[in-house]
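Q: Generate a structure from the sequence data that follows.
(chains A and B)
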Amino acid sequence: MKKHFRELSVAAALIVMLAMLAVFAPAFFQPQPLLSLATREAPTLVVACGMALVIISRQIDISVGSQFSVCGVCAGLLAASGWPLAATLPAAVGAGALLGAVNGALIAGLGLPSIVVTLAMMVTLRQGLNLARQGQFVNLPDGVQWFGFSQSNGQGLIVGFALLLLFALALAMRHLAAGRFIHAIGSDAEAARLAGIRPRLGTFLVFVLMGALTGLAAMLNVVQSPQVQPLSGLGLELKVIAAVVVGGVAISGGRGNLWGAFAGLLLLACIGPALTHLRVEAYWEKAIQGAIILLAVVADGIRSRSGGHGQ
Amino acid sequence: MTAVPLLEIRSLAKSFGGARALRGVDFELRAGEVHALLGENGAGKSTLIKIVTGAHQPDAGVIRVAGREVSGLDPSAARRLGIACIYQQPALFPDLSVAENIGLRLDPGHALRRVGWRKLREQAGDLLRKIGAAIDPESEVRALSMPEQQLVEIAGAVGTGARIVIMDEPTASLTQKEQHLLHAVVRDLRRDGVGIIYISHRLEEIFALADRVTVLRDGESTGTGAIGELTERELIRRMVGREVAQIYPPAERPPGGVVLATRAIGCAAGGVRDVSLEIRAGEILGLAGLVGAGRTELARVIFGLTPADSGAIELDGTPVTLRSPRDAVRHGIAYVPEDRRRHGVVLEMAVAENMTMAVHRKLFPGSWLRSAVEQTLAKNFVRDLAVKCAGPQAPAGSLSGGNQQKVSLARWLATKPRVLILDEPTQGVDIGAKAEIHRIIRRLAGEGLAVLLISSDLPEVLGMSDRIGVMRGGHLAGILPGGSDAHEVMALALGQTAKGAA
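A: Residues are numbered from 1 along each chain as shown, chains lettered A, B, ... in the order given. The predicted structure is shown next:
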């Protein structure tokens, strides 16, 4: 109970908000708008899963937004040139994995700080994309939007897929040795190395996975509209990092899980629509999100000060 | 010589948790003397220094500076009183210039006040000249050698008008020539009436430089004497004079064949050179030596953390290559590291998770964690090693030091090793747990493990070991038979000279 205090308190905040909505704005719970909201947030959830792993291993990746944009444009161009979806999807994932591998090689291989490496990656990709696309949209051929299904089926597919991925990764983190290695590397890389774990290899693979998930998320985003925006991932990194941190993943590494990140994402994602339904001005959304993030960080600070583990 | 000592310390006491680091130290420093402070590792030298420089507050006792009693000493107060400390690793800002470093020391200034660059340079240049150091005040500290950095520190100390200068093993990493230079500076300071507390493990240096010597042992001073009245033998006796109070479990049977042998191994990066030793099945080979003598470094070479670049390692007579911890684990070598608080266990993770960390591949084929298997293993170790914890799911960070040590030990026993390297297994562990860990170590040896026991606790090495290797300056100074006495070990560890032995 105490161990999962943070995850539970985020879940409790979410429940309180939903309960308030149920009383004051039951219209929030209409199925179709709710499904649309979930569909819009599904790619973010996929990226957040990867980000949780990155942060648990005591790293950060602020290039995910740019990676997301690049993978989206790549997928769009491939689809527009006649590639079938079955080939476009793996290509998007592969492109992401490749970008992640570059990050991982620089960070794990050369021991460079991840914030600098991924900052460079973020700027390079974003500017490269501006240069190459000049702000042009990619028009997608028929049969790409909603994977060729009806809108509601497509939406269901996207949300279902993202949730399935969350389940699978959460299960793997808990039940595969690899998950434990990631926690160990993030808690104390030297102790992990002394125990025969390879922290550098682990860190590298986490970044590759982060990239692959970002590519996948980009694909889930591409199919939601008839066109691909050139900078669809702008600001995504902040949203995702905020969700993960609010969900109780310690920025200092080692602690946290995917369910917490999920709860954090839901909480932040629901605030905007909730305000609309409660007839509060939308300007408050960012302020409230900021306050929640601040609260989460303060809670972490107090927790580590009071010494959860008796330093 | 004035009647009032520069620094006078009476009955100083300090405890950390349950451990009593100082239990009544008397010390006196006069103006214009070099006063050597001697003692084994853990005798209380560092604690004493930290109290005098204001880093720690004493629990009891009196400190007088120039006859006036001081209380509530903190680092800035100590500085105002003219106390300066030069550490073995100089505490300078590597990216700033020499002049800036000295300037910061003299007067940190006000954040918004203009920096008088020219004055800063002149001042630093004067101070460096005064102590006879040929260092350009504008050079970046990063580019200086270790002794040059120490001279910068000394210049800063002189500049602040320090009357009490503490030097903590200043020559530990210096060459012979650099030592002579430093000694000349120390003599100059002494001539100017500064009192110098000089900590060193090198007896020959102490005989060459010091006027008086105080020996600390187990947090108590065993007396002060003029250097002319003392022999090396007497100093060593004072350092190790305690009786072996604990009863150590004896070996039950004679050791078997040689399991691990190192043939003249060396590692330039780790500062280990030309070490040849053999450990037999069922044998505990103790490894004694002063801090920095290369014991941990040797363990890291054998465990593949800093692989050997010369010589060979043999297991059961067959040469093996150990280039990583994984290689070592595969060959049945286990290493329970020093400083468990940092790297022995992962504090955030559960006891059970910590215990299985090195055996995932064996325990969980296909990498799917099986909770039942893990719990069984953890419960067995918790029982066998008598780990006191709320259960296998308790976070390792919630355990006491001795029990964390047992968790770290269990992790490595789970690999079913043939060679067990223990690095300071009882450091920071209370007496009761210590005896328990000793019994466990002896039992493991009895089960046929070859044990390499690194310890700075001399009675522990003497009591536990079947043979004792003594390291000094990165090489094996000698191997003594079990039952040797502390004098023999210390003489080897210190590199006793012919003069002092007379």
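
Q: Around chain A, pick out the residues from the stretch 201-350 of chain B.
A: B:305, B:325-326, B:329, B:335, B:337, B:342-349 (Cβ under 8 Å from any Cβ of the partner chain). C-betas here are computed from N, CA, C, even on glycine.

Q: and residue B:61, helix, strand or coil?
A: Of the three states, residue B:61 takes strand under DSSP: H, G, I helix; E, B strand; the rest coil.

Q: For the residue nearest the centre of chain B, which three-state class applies?
A: Taking Cα atoms, centre = their mean as the criterion, residue B:291 is the residue nearest the geometric centre of chain B, at 3.9 Å. Under three-state DSSP, the three-state class of residue B:291 is coil.

Q: tell me the pLDDT at it?
A: Predicted confidence (pLDDT) for residue B:291: 74.

Q: cool, and residue B:246?
A: For residue B:246, pLDDT reads 57.

Q: cool, and residue B:41?
A: With respect to pLDDT, residue B:41 has a value of 68.

Q: cool, and residue A:67?
A: 97.

Q: The stretch 151-300 of chain B: strands as residue ranges?
A: B:164-168, B:195-199, B:212-217, B:220-226, B:258-267, B:272-280, B:284-289 (DSSP state E, counting those that start in this stretch).

Q: mind putting those strands in a markdown table, mean neighbour count and distance to residue A:253 included?
A: Below are the strands of the stretch 151-300 of chain B laid out as a markdown table (neighbours: other Cβ atoms under 10 Å in any protein chain shown; distance: least, Cβ to Cβ, whole Å):
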| stretch | mean neighbour count | distance to residue A:253 |
| --- | --- | --- |
| strand B:164-168 | 24 | 34 |
| strand B:195-199 | 24 | 38 |
| strand B:212-217 | 22 | 40 |
| strand B:220-226 | 16 | 43 |
| strand B:258-267 | 20 | 30 |
| strand B:272-280 | 20 | 32 |
| strand B:284-289 | 27 | 34 |
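
Q: In terms of mean pLDDT, which of those ranks lowest?
A: strand B:220-226 (a mean of 89).

Q: Check which helices and strands it sits against.
A: Helices and strands touching strand B:220-226, by 3 or more Cβ pairs under 8 Å, 6 or more residues apart in numbering or on different chains; DSSP states H and E, are strand B:19-29, strand B:212-217.

Q: about what we covered before: most neighbours, which of the residues of the stretch 201-350 of chain B next to chain A?
A: The residue in these with the most neighbours, by other Cβ atoms under 10 Å in any protein chain shown, is residue B:345 (31 neighbours).

Q: and the residue lying closest to residue A:248 once chain neighbours are set aside, how many neighbours?
A: Spatially, and ignoring its direct neighbours in sequence, residue A:248 is nearest to residue A:6 (3.4 Å; Cβ to Cβ, 6 or more residues apart in numbering or on different chains). When neighbours are counted by other Cβ under 10 Å, residue A:6 registers 24.

Q: My read is that residue A:217 contacts residue A:46, right?
A: Yes: the pair residue A:217 and residue A:46 qualifies as a contact (Cβ atoms under 8 Å) at a distance of 3.9 Å.

Q: State the number of residues packed around residue A:253.
A: With other Cβ under 10 Å as criterion, residue A:253 counts 22.

Q: Need the three-state assignment for it.
A: Assignment for residue A:253 (three-state DSSP): coil.

Q: For the residue in the stretch 401-502 of chain B that chain A sits nearest to, give me its contacts.
A: Closest residue of the stretch 401-502 of chain B to chain A, Cβ to the nearest Cβ: residue B:411 (6.6 Å). Counting by Cβ atoms under 8 Å, 6 or more residues apart in numbering or on different chains, residue B:411 touches A:195, B:345, B:354-358.

Q: give me the element it is part of.
A: helix B:401-413 (DSSP states H and E).

Q: Relative to chain B, how far out is the residue most central in space within chain A?
A: With distances taken as Cα atoms, centre = their mean, residue A:48 lies nearest the centre of chain A, 2.0 Å away. Residue A:48 sits 22 Å away from chain B, taking Cβ to the nearest Cβ, to the nearest Å as the criterion.

Q: What backbone torsions are found at that residue?
A: Here is the backbone geometry of residue A:48 (degrees, to the nearest 10): phi -60, psi -40.

Q: Distance check, it against residue A:172.
A: Applying Cβ to Cβ, to the nearest Å, the value for residue A:48 to residue A:172 is 16 Å.

Q: Ok, residue B:128 next?
A: For residue B:128, the distance to residue A:172 equals 61 Å [Cβ to Cβ].

Q: which residue sits closest to the residue of the stretch 101-250 of chain B found nearest chain A in space, ignoring its chain neighbours?
A: Per Cβ to the nearest Cβ, residue B:142 is where the stretch 101-250 of chain B lies closest to chain A, at 19.4 Å. Closest residue to residue B:142 apart from its sequence neighbours, by Cβ to Cβ, 6+ apart: residue B:94 at 4.1 Å.
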